[in-house]
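> Just to be clear, the model below is a prediction. Sequence and coordinates:
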Amino acid sequence: MDLKHHYKLINSADYKDGSNNRDGYYTICVEDLKGCSDIEIIGGPMQQAPRWIRILIKTLRILHIPRSILSPLVKAEPDDGPEVCILLFRLVKATYLNWLRLKYPKAIFIFFLRDLYHTKMPTIGYYRNEKLIDVWGSYDEEEAKKYHFDFFYPEIESMISFPHEDLTPTCDVFFAGAAKKRLPKLLEAYDFLTDHGLRCHFIIMDAKTTETDMREGIDYTHELIPYREMLLRSIRCKCMLEINQDGAVGMTSRFLEAVMYNKKLITNSQPVKDSPFYRPEYIKLYDNITEIDPSFVLDDSPVDYGYNNEFSPIGLIEHIDNVISSNV
């Protein structure tokens, strides 16, 4: 990559107690960026501001005193190199952002929203009102228009290999995701598919105990399963199931995984028809799960979307670099 800026990617989501969870979702998603000369991936707690600085910043915010008063206490990075861009995929504490702004006073702060804004509005609204982020971008084109974000990129994910794993399918249909408001639809899909002889494995997270309805092939959990393990289970199925959140039009991780690893997909996300990777022979759309013909899953014909790293985060960084350069 030939970038005009130097990027510091704050990837704190997969960090705990100062160590990186190499099997975490965000770490795997940016795997392609490792080793890029103009991109530095920064972790979490070990590289955050000293505790006393964070306490001071928080106190100043409460007293409505400008944070710039702390500038003499924070050693700012020299600005004689390439212009720095701080890129975040998830929000970090406001005190940490304020410290970063003192340390990199001329940096451009960029946030790439990879979830629906209306589900995160109270939290993100505060960061927008406080002007802690300079450039807001979304993966969802409709939400970008509605809430005045830049539309950055449909979605990103790095493709990884499992060289020592047995990838023989262990089930016909696999689903993994949070219950949210779609649990009744998940149970309906499970019952329909299993009633037609398909072996299903669903992992449903954070369902309310009062709402759970036990099935042999459904695992309910409140524990976060490492993404590498979840991805392996996805690859070891014949077909993935996706039941999208209401209102979402952007591409989801399930769609990306199906394309990257050549898996069939059953989905209610109608916008996938607009993707250049949409193949009706591999992807079945439905409004009601009863529209799905189970023989689609059992057909063992080869699946090949012709994927060539189109979802790599390298493309996102290049796009952001062009956006920032054109606005300077």
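On my side now, so go ahead. Since we're looking at a predicted model, the values are computed, not measured.

> From the structure, what's the count of residues near Tyr96?
Neighbourhood size, Tyr96 [other Cβ atoms under 10 Å]: 21. Any C-beta I mention is one placed from the backbone N, CA and C, and that applies to glycine too.

> Which element, helix or strand, includes it?
Per DSSP states H and E, Tyr96 falls inside helix 94-103.

> does Gly137 belong to a helix or a strand, and which?
Per DSSP H and E: Gly137 is located in strand 135-138.

> Which neighbouring elements make contact with that strand?
strand 108-113, helix 141-147, strand 150-151, helix 313-327 (3 or more Cβ pairs under 8 Å, 6 or more residues apart in numbering; DSSP states H and E).

> which stretches of the stretch 201-328 of the chain form helices?
Along the stretch 201-328 of the chain, the stretches classed as helices by DSSP state H, counting those that start in this stretch are 227-235, 253-260, 295-298, 313-327.

> what is the mean pLDDT for the shortest one?
Throughout helix 295-298, pLDDT has a mean value of 95.

> What of the first one?
Rounded to a whole number, the mean pLDDT of helix 227-235 is 93.

> buried stuff in it?
227-228, 230-231, 234-235 (16 or more other Cβ atoms under 10 Å).

> cool, and the longest one?
For helix 313-327, the neighbour count (16+ other Cβ under 10 Å) marks 313-317, 320-321, 324 as buried.

> Could you do stretch 236-244 as well?
Neighbour-count burial for stretch 236-244 [16+ other Cβ under 10 Å]: 236-244.

> Distance from it to the middle of the chain?
Remark: stretch 236-244 is offset 18 Å from the chain centroid, using Cα atoms, centre = their mean, to the nearest Å.

> next one: stretch 272-283
21 Å.

> For the helix holding Tyr96, name the packing helices and strands.
Using 3+ Cβ pairs under 8 Å, 6+ apart, helix 94-103 sits against helix 51-62, strand 108-113, helix 117-129.

> switch to 7 Å and redo it
Here helix 94-103 touches helix 51-62, going by 3 or more Cβ pairs under 7 Å, 6 or more residues apart in numbering; DSSP states H and E.

> one step back: want to throw the helices of the stretch 201-328 of the chain into JSON lines with distance to Arg128?
What follows is the helices of the stretch 201-328 of the chain, written out as JSON lines (distance: least, Cβ to Cβ, whole Å):
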{"stretch": "helix 227-235", "distance to Arg128": "28"}
{"stretch": "helix 253-260", "distance to Arg128": "25"}
{"stretch": "helix 295-298", "distance to Arg128": "44"}
{"stretch": "helix 313-327", "distance to Arg128": "18"}
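
> what's across from Leu88 in the sheet?
Under DSSP bridges, the beta-bridge partners of Leu88 are Ile10, Phe111.

> Surely it touches Tyr7?
No - counting by Cβ atoms under 7 Å, Tyr7 is not a contact partner of Leu88; they are 10.9 Å apart.
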